[in-house]
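# Here's my sequence, what's the structure:
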Amino acid sequence: MKRTRVLVMLVVLLTISLTLFAQGQVDKAAVEVKVLAGVTGGKDDAENKLFEEAMEKGTGLNITWEKVPSGYDQVLMQKLGAGEQYDLIYLNQFQMYTLGKQGALMDLTARIAASKVYAENVDKAELEKIQFNGKYYAGFNKLEVFPLVNVNKAITDKVGIDLSKLSTLDDYYQMLKKVKTYMEQTEGRKPYYPFFTYMPDIWDLQPWFSSVGLRRGVFVDASGKKYAPYVDPKAKVVWEWLAKLYREGLMDPTSFTGKTGDMRSKMWQSQDIVMDVDWAAWTGLYNNNARTAGTYPAKVNVVGLPGTKGPDGRYMLEQGGASLWAIPANAKNPDEAFKIIEYMATKEGALLLSAGIEGHDYNLSNGKIEYTEAGKAHAKDHGAPFPISKLFDLTVLGEMNPGVLESVSIGRRADVEVAPMGYANGELDARKYYDIMSKWMTECVMGKTTAEAAMKGAENELRTNKLID
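I've put the predicted structure just below:
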């Protein structure tokens, strides 16, 4: 009888244990991981639901993927300010600095250091670029590319220019002069302005300042002093070069009043300009647009170039600010949130963030991707056209836009340095910097004042606004 009671008690305890275990599994699966997303996800509400389901399948989590259709930065700050709780939020590098300094983000340093996924998939050099005060407050959404020089080879070939020989400011000046003469005298396109540079943000000038070894932005020297290289005396030669291009009709006047969209339209719509500076991804987009219009490669064949070689023999390009994922300090489910960060760094996650959702954006046939009409329209971009995983082979995605892989590969050349813009340890007010530099240096390029006077004026105003010391 006693033995029977013991057996009954064991059965009861086992039943309770199994019930609690099962309940624990249910509770774990029922945990709602709330994600606030910007560019990453489906292209509309319906597809975003499919993206959410694909992310759940890949991670084994119960996820609510809230994608903000427009005005993401403002929505993010409003929601955080109102105390809304999210487990994972999308943000840019500036926002990470700001929120990290405020203590609004979890320190992910230990998690990233212990992550086998990050160790295997993420280049340490990329990780170093997103450190803030020696710590990590976010993981990656994608690999950022860089603006480089884009040249329409279909035109320069007619003129007989060897693009591989271009490495100095004077090389590019001579090329632009020859193209202008050819287009105006041989093809009768008067006036013809071969070069467009977007001055309102001065964001596309870095390939030229590489010639004097200077980088855009604000930096902190060894003594803790903030400084801006573009107002360094060595920068004068570049500003004078740009002023010469404008003075001699080699620079499109709409560089000062137009938008980047105007620049891009001029580049791929046949023969309006021969050169600009744009993201490496746009090398392929220019050609793809031209191919759709039936002008590639006879009239439009854009290739990427590294720009000008610096005093140390290296080309210096500027990487875009990182797009990142962070876990708010008040997140309820940080472990699950970090699992999503890790998944997006894997080859499987990379496929979702680029090609999209299997069965919707593409289907697999004999192991190869075949895109649906929706997939073709979405252009292999669901947040990461260039995934962060170094193990991910872009050729898996099928045919890429003409010229894009060649442009992206420039960043891996031994003679090319790709570094992020200076953020002065997160203290830089980028908008003020752009506005001040653009205001003064536009006066210089348009010939309304000397380079020396404009640089001095910009330096004084940067200092008055406490952007530099």
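
# ok, and the closest non-adjacent residue to the residue positioned nearest the centre of the chain?
Geometric centre of the chain, nearest residue: Glu144, 3.7 Å, by Cα atoms, centre = their mean. Spatial nearest neighbour of Glu144, excluding adjacent residues (Cβ to Cβ, 6 or more residues apart in numbering): Gly320 at 4.2 Å. For the C-beta atoms, the positions are set from N, CA and C on the backbone; glycine is no exception.

# Could you do Ile436 as well?
Residue nearest to Ile436 in three dimensions, not counting chain neighbours: Glu461, with 4.9 Å by Cβ to Cβ, 6+ apart.

# The one you found is in contact with Trp440, isn't it?
Yes - the criterion here is Cβ atoms under 8 Å, and Glu461 meets it with Trp440 at 7.2 Å.

# So for the two, which sits in the more crowded spot?
Neighbour comparison, Glu461 and Trp440: the larger count goes to Trp440, with 22 against 18 (by other Cβ atoms under 10 Å).

# give the contact list for the more buried one.
In this structure, Trp440 makes contact with Ala454, Met455, Gly457, Ala458, Glu461, judged by Cβ atoms under 8 Å, 6 or more residues apart in numbering.

# Now with 6 Å, please.
Ala454, Gly457, Ala458 (Cβ atoms under 6 Å, 6 or more residues apart in numbering).

# Surely the residue nearest to the centre of the chain touches Gly321?
No - using Cβ atoms under 6 Å, Glu144 is not in contact with Gly321, being 7.2 Å away.

# mind checking which helix or strand Leu80 is in?
For Leu80, the host element (DSSP states H and E) is helix 72-81.

# quick one: buried residues of that helix?
For helix 72-81, burial by neighbour count (16 or more other Cβ atoms under 10 Å) applies to Tyr72, Leu76, Lys79, Leu80.

# Output those as JSON lines; include the columns distance to Ala119 and pLDDT.
Supplementary listing: the buried residues of helix 72-81 in JSON lines, determined by distance: Cβ to Cβ, whole Å; pLDDT from 0 to 100:
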{"residue": "Tyr72", "distance to Ala119": "30", "pLDDT": "95"}
{"residue": "Leu76", "distance to Ala119": "30", "pLDDT": "96"}
{"residue": "Lys79", "distance to Ala119": "33", "pLDDT": "95"}
{"residue": "Leu80", "distance to Ala119": "30", "pLDDT": "93"}
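
# Please save the CA atoms from the helix or strand where Gly457 lies in PDB.
Using DSSP H and E, Gly457 maps to helix 451-464. Output of helix 451-464 as PDB, limited to C-alpha atoms (Å, rounded to 0.1, in the frame of the first residue of the first chain):
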ATOM      1  CA  ALA A 451      38.900  79.700 -51.200                       C
ATOM      2  CA  GLU A 452      41.000  81.100 -48.300                       C
ATOM      3  CA  ALA A 453      38.300  83.600 -47.300                       C
ATOM      4  CA  ALA A 454      35.500  81.000 -47.500                       C
ATOM      5  CA  MET A 455      37.400  78.400 -45.500                       C
ATOM      6  CA  LYS A 456      38.200  81.000 -42.800                       C
ATOM      7  CA  GLY A 457      34.500  82.000 -42.700                       C
ATOM      8  CA  ALA A 458      33.400  78.400 -42.400                       C
ATOM      9  CA  GLU A 459      36.000  77.700 -39.700                       C
ATOM     10  CA  ASN A 460      34.900  80.700 -37.600                       C
ATOM     11  CA  GLU A 461      31.200  79.700 -37.900                       C
ATOM     12  CA  LEU A 462      31.900  76.100 -37.000                       C
ATOM     13  CA  ARG A 463      33.800  77.200 -33.900                       C
ATOM     14  CA  THR A 464      31.100  79.700 -32.900                       C
END
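
# For the remainder of this discussion, apply numbering that starts at 49.
Fine by me, first position is 49 from now on; the one you just mentioned is helix 499-512.

# residues making contact with stretch 130-140?
With contacts defined as Cβ under 6 Å, 6+ apart, stretch 130-140 is touched by 81-86, 369, 371-374, 376, 378-379, 381, 385, 388.

# Those in helices, which ones?
Among the contacts of stretch 130-140, the residues falling in helices (DSSP state H) are Ala385, Ile388.
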